[in-house]
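1. sequence first, predicted model second:
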Amino acid sequence: MSPILPVKSLFKRRQFLQLSLFASTLGLSLACAENRAQSSPQKVLVIGAGIAGLAAARELQGQGFQVTVLEGRDRIGGRIHTSRTLGFPVDLGASWIHGITDNPIATLAKAWQIPILPTDFDNIILYNNQGNPMSDRDFEVSYALYEEIRDRAASIAENSEQDLSLGAALQQVLAAQTLTPQQAQLIEWGFNSEFVTEFGADLESLSSWYVDEGSEFDGGDYLFPQGYDQIITRLANNLEIQLQQKVTEIRYSSSGVSVTTERESFTADAAILTLPVGVLKSGTIQFSPELPKHKQAAITRLNMGLLNKVIFKFSEQFWSQDYQRLGYLHENSPDFYEFLNGSFYSKNPVLIAFIGGSFAREIEQLSEEKIRERVLRVLRRSYGDRIPEPESMMVTRWSQDPFAFGSYSHIAVGGESSDRDILAEPIGDRLFFAGEATSRDYPATVHGAYLSGIREAKRLVKR
Ligand SMILES: Cc1cc2nc3c(=O)[nH]c(=O)nc-3n(C[C@H](O)[C@H](O)[C@H](O)COP(=O)(O)OP(=O)(O)OC[C@H]3O[C@@H](n4cnc5c(N)ncnc54)[C@H](O)[C@@H]3O)c2cc1C
């Protein structure tokens, strides 16, 4: 994630101490401490075969634990999902390693000799609302204005006594600003590209104080031309993974954990849960006893964003190969602002639209045919009415996915980054929590999820 609002210093100043909350919750902690003296967990269930679960399971198995991974879907990988139904690999979930320097995913790719390719997000052609390419000069001038407005919104947020949504801060700047229609459209495009698509959330929901939470690796963004799932397959090697085991109930006590799926029950000394926040929020899993109130409150405050992709394969390439991204300004928004030139990476004539927030939610409700028409309407503006119909297409609908209920987590107004720590707190020595949403340093990313799995495996071993 790469938002650049300079709000981090403020965010640090406003952190509230929440650690003491956990210590005072379940009396279970004490009971477990007594029990720990007698026996340490040997048999562990890991719930979820996404990257966090696989990382945790590998780490534990390496330490001599007996590990079973329970996965609800009929495949592994979770929000890393490479489809080959179009005849070539398409990543429907995560695509990029964000920053390859010291990134553990880049290290795995290197060790396993999995090819990766750099992406240059600045290599973009931007079309105005008539479908004409903007000149470099026009783009630079307008983009400088976008940056100025964004930074003023950040400054308003920083000086505010209470957390404002990014949208509210922006409105305050725009109220004192006169813009030409094209400038207004470019500013909308910029915010959409940098925030709405990035976080999968509308500006009106995103917290301006926490939008810059977390850290980043340097080294640029790289993707897997042959699919992200190559990492998943290698990680899963030699692990015991049971597919189609949708967990419905988790019971825990000082003596152990019992997990019920739609098909059977499993017992273990401890469990590592890597369930997406969307699933935890959905109430589809019953906890007995209930999760501690402050953990439940953190789950309620953490938001699940939505990023979707619409993938088109054409019979021929009608767009320029000179650019990796195509951007569109619109008179009536929201609309499709952003396409990735897939042929840059796959040698197939492929365009991938990225949409986020409530627009993505709205588009999810439409049939493929209607979505195709909407996208083609945008493309025809710049490439003419004679562009071919796509040969095939795919649409992701992550918010309707019962094993995710969205794409990744973010902090909305009313939440705090410390909610991630609360979510990550173990319950006694029995339940441990991993997954991207528990990563305060690298939320909403593959590497954050991966590191969270290792973190919880190590924590379990230590206890
Ligand atoms: C469209 C999209 C694009 C993205 N792009 C990027 C990107 O380019 N780079 C990047 O770093 N990150 C990206 N991400 C984020 C990244 O994919 C996630 O942060 C990461 O994969 C999360 O891993 P995880 O193990 O925490 O969760 P998951 O991968 O969701 O794993 C959780 C597992 O739990 C399973 N599960 C859920 N409910 C149950 C149940 N009841 N019983 C049993 N199993 C259950 C799920 O099926 C899943 O396999 C993207 C995500 C999406 C959706």
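-> Looks like it arrived, so ask away. Residues are numbered from 1 along each chain as shown.

2. from here on, contacts and neighbour counts on C-alpha atoms
-> Fine.

3. how close does Val446 get to Thr119?
-> Taking CA to CA, to the nearest Å as the measure, Val446 falls 17 Å from Thr119.

4. again, but for Ile250
-> As judged by CA to CA, Ile250 and Thr119 stand 42 Å apart.

5. who's more crowded, the two?
-> When Ile250 and Thr119 are compared for neighbours, Ile250 comes out ahead with 22 against 16, by other CA atoms under 10 Å.

6. assess the claim that the more buried one and Thr284 are in contact.
-> No. Ile250 lies out of contact with Thr284 (CA atoms under 8 Å); the separation is 11.0 Å.

7. so what's Asp102 closest to, chain neighbours aside?
-> Residue nearest to Asp102 in three dimensions, not counting chain neighbours: Phe217, with 6.9 Å by CA to CA, 6 or more residues apart in numbering.

8. that's a helix at the one you found, yeah?
-> No. Applying DSSP: H, G, I helix; E, B strand; the rest coil, one finds Phe217 to be coil, outside a helix.

9. spell out which residues of the stretch 201-350 of the chain are next to the ligand.
-> Contact residues (CA under 6 Å from any ligand atom) of the stretch 201-350 of the chain with the ligand: 245-248, 274-276, 279, 307-308.

10. just the C-alphas of stretch 44-57, formatted as CSV.
-> Output of stretch 44-57 as CSV, limited to C-alpha atoms (Å, rounded to 0.1, in the frame of the first residue of the first chain):
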residue,chain,number,x,y,z
VAL,A,44,-2.4,-27.5,16.7
LEU,A,45,-5.3,-26.7,14.3
VAL,A,46,-4.7,-23.8,11.8
ILE,A,47,-7.9,-22.4,10.5
GLY,A,48,-7.5,-21.1,6.9
ALA,A,49,-5.1,-22.1,4.2
GLY,A,50,-4.3,-18.6,3.0
ILE,A,51,-0.7,-17.3,3.2
ALA,A,52,-1.0,-16.6,7.0
GLY,A,53,-2.2,-20.1,7.8
LEU,A,54,0.3,-21.8,5.6
ALA,A,55,3.2,-19.8,7.0
ALA,A,56,2.0,-20.6,10.6
ALA,A,57,1.6,-24.3,9.8
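
11. phi first, then psi, for the residue nearest in space to the middle of the chain.
-> In the chain, the residue lying closest to the centroid (CA atoms, centre = their mean) is Tyr408, at 3.2 Å. Dihedral angles of Tyr408 (phi, psi; degrees, to the nearest 10) stand at phi -160, psi 170.

12. which residues does it contact?
-> Tyr408 is in contact with 199-200, 276-277, 304-306, 436-437, 444-445, counting by CA atoms under 8 Å, 6 or more residues apart in numbering.

13. top of the residues of the stretch 201-350 of the chain next to the ligand by number of neighbours, please.
-> Counting neighbours by other CA under 10 Å, Thr274 comes out on top of those with 29 neighbours.

14. if I read this right, that one contacts Ala52, doesn't it?
-> Yes. If you go by CA under 8 Å, Thr274 and Ala52 touch, sitting 6.3 Å apart.

15. tell me how far stretch 143-158 lies from the chain's centre.
-> 25 Å (CA atoms, centre = their mean, to the nearest Å).

16. which parts of it are buried?
-> Residues of stretch 143-158 classed as buried: 143, 145-147, 149-158 (neighbour count, 16 or more other CA atoms under 10 Å).

17. just stretch 362-382 next, same as before
-> By 16+ other CA under 10 Å, the buried positions in stretch 362-382 come out as 363-364, 371-372, 375-376, 378-379, 381-382.

18. and stretch 440-449, by the same measure?
-> Residues of stretch 440-449 classed as buried by neighbour count (16+ other CA under 10 Å): 440-449.

19. what ranges do the strands span in the stretch 151-300 of the chain?
-> Here the stretch 151-300 of the chain has its strands, by DSSP state E, counting those that start in this stretch, at 221-223, 240-242, 247-253, 256-261, 265-268, 270-273, 286-288.

20. okay, those, which one's buried deepest?
-> Burial of these is given as mean neighbour count (mean count of other CA atoms under 10 Å); strand 270-273 ranks first at a mean of 27.

21. mind listing the strands it pairs with, and their directions?
-> Using DSSP bridges, strand 270-273 pairs in its sheet with strand 43-47 (parallel), strand 431-433 (parallel).

22. show me what the helix or strand that comes right after the last one is packed against.
-> Under the assignment DSSP states H and E, the closest C-terminal helix or strand after strand 431-433 is helix 446-462. Under the contact criterion of 3 or more CA pairs under 8 Å, 6 or more residues apart in numbering; DSSP states H and E, helix 446-462 touches helix 51-62, helix 104-111, strand 431-433.

23. by how many degrees do helix 446-462 and strand 43-47 diverge?
-> Here helix 446-462 points in a direction 160 degrees away from that of strand 43-47 (axes from the mean of the first three to the mean of the last three CA atoms, to 10 degrees).

24. got the buried residues for helix 446-462?
-> For helix 446-462, by 16+ other CA under 10 Å, it's 446-457, 460.

25. wait, which of those residues is closest to Phe354?
-> Val446 (18.0 Å; CA to CA).

26. quickly note the distance from that closest one to Gly453.
-> Remark: distance between Val446 and Gly453 (CA to CA) = 11 Å.

27. what touches both of the two?
-> What both Val446 and Gly453 touch, as defined by CA under 8 Å, 6+ apart, is the set Ile51.

28. elements contacting the helix or strand hosting Glu140?
-> In this structure, Glu140 sits in helix 136-159 according to DSSP H and E. The criterion is 3+ CA pairs under 8 Å, 6+ apart, and the helices and strands that helix 136-159 contacts are helix 166-175, helix 181-191.

29. and that helix with helix 181-191, angle?
-> Helix 136-159 and helix 181-191 are oriented at 60 degrees to each other (the same axes, to 10 degrees).

30. what about helix 136-159, average pLDDT?
-> The average pLDDT for helix 136-159 rounds to 93.

31. burial of the residue lying closest to Phe65 once chain neighbours are set aside, as a residue count?
-> Computed as CA to CA, 6+ apart, the closest residue to Phe65 that is not its neighbour in sequence is Gln42, at 5.1 Å. Gln42 has 15 neighbouring residues, counting by other CA under 10 Å.

32. quote the end-to-end distance of stretch 309-326.
-> From its first residue to its last, stretch 309-326 covers 14 Å (CA to CA).

33. residues contacting it, please?
-> Here stretch 309-326 makes contact (CA under 8 Å, 6+ apart) with 86, 92, 119-127, 338-344, 348-355, 383, 387-396.

34. hmm, back to that, which ones among the buried residues of stretch 362-382 map onto helices?
-> Among those, DSSP state H puts 363-364, 371-372, 375-376, 378-379, 381-382 in helices.

35. looking at those, which is nearest the ligand?
-> Glu364 (12.8 Å; CA to the nearest ligand atom).

36. mind pulling the model confidence for that closest one?
-> pLDDT recorded at Glu364 is 97.

37. show me the contacts for it.
-> Shown in contact with Glu364 (CA under 8 Å, 6+ apart): 396-397.

38. could you redo the last one with a cut-off of 10 Å?
-> 308, 358, 371, 395-400 (CA atoms under 10 Å, 6 or more residues apart in numbering).
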